[in-house]
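S.K.: Need coordinates for the following:
(one chain, ligands or ions: 1)
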Amino acid sequence: MSGQPSSIQTVTMPDDLTFEPETTTIETGETVTWTNESDIDHTVTAYEDELPDEAAYFASGGFESERAARNRVTEGLIAPGEDYKHTFEEPGTYGYFCIPHESSGMTGTVRVK
Ligand SMILES: [Cu+2]
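M.R.: Here you go, the predicted model:
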């Protein structure tokens with residue numbers, strides 16, 4: 001990285017209850033933008049036990065814990081056409097999911113190098 005602006009990686013939420021790509025790999029300090037391209041609401045919610053030790057918790061809605069995100073799911077919904085961004089400052093592997101569609105397997109992984 002020689003002075004170039006930090007790049008942004010996009011993960012889409014298409015119509016089939018997935019995150020696409022399911023696994024995205026970025027460099028430390030880069031931002032992921034999740035874009036809802038479907039016609040229903042989704043969340044991006046980190047699994048609290050699938051974060052690197054030093055990492056900040058993240059979830060659409062700005063929650064500080066998975067429990068809070070689950071308890072107040074409507075506040076974390078990303079409407080069709082909207083997006084959610086998070087910048088990853090710690091290397092490691094992060095697991096996340098969509099609260100309404102967790103049981104349908106709507107989960108994803110961010111790997112930060
Ligand atoms: Cu969903």
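S.K.: ok, which residues in this structure are in contact with the ion?
M.R.: 42, 98, 101, 106 (CB under 5 Å from the ion). The way it works is simple: take the backbone N, C-alpha and C, and place the C-beta from them, glycine included.
S.K.: quick check, nearest of the residues you listed to residue 48?
M.R.: residue 98 (15.4 Å; CB to CB).
S.K.: Pretty sure that closest one sits against residue 47.
M.R.: No. Contact criterion CB atoms under 8 Å: residue 98 and residue 47 do not qualify, at 11.6 Å.
S.K.: Next up, phi/psi of residue 50, please.
M.R.: Phi and psi for residue 50, reported as degrees, to the nearest 10, are phi -120, psi 40.
S.K.: quick one, what contacts it?
M.R.: Residue 50 makes contact with 93, 94, 95, 96, according to CB atoms under 8 Å, 6 or more residues apart in numbering.
S.K.: Identify the residue nearest the geometric centre of the protein.
M.R.: residue 44 (4.3 Å; CA atoms, centre = their mean).
S.K.: ok, that residue - contacts?
M.R.: 34, 58, 59, 60, 78, 84, 86, 96, 98.
S.K.: count of neighbours near residue 42?
M.R.: 25 (other CB atoms under 10 Å).
S.K.: and stretch 38-53, which residues are buried?
M.R.: Neighbour counts over stretch 38-53 (16 or more other CB atoms under 10 Å) mark 38, 41, 42, 43, 44, 45, 46, 50, 51 as buried.
S.K.: right, I mislabeled it, should have said stretch 78-89
M.R.: So, applying 16+ other CB under 10 Å, buried residues of stretch 78-89: 78, 83, 84, 86, 88.
S.K.: Export those as a markdown table, with columns for pLDDT and distance to residue 72.
M.R.: Listed next are the buried residues of stretch 78-89 as a markdown table, based on pLDDT from 0 to 100; distance: CB to CB, whole Å:
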| residue | pLDDT | distance to residue 72 |
| --- | --- | --- |
| 78 | 98 | 14 |
| 83 | 98 | 20 |
| 84 | 98 | 15 |
| 86 | 97 | 18 |
| 88 | 96 | 23 |
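S.K.: Looking at the residues you listed, which is nearest residue 65?
M.R.: Closest to residue 65, out of all of those and judged by CB to CB, is residue 86, at 15.2 Å.
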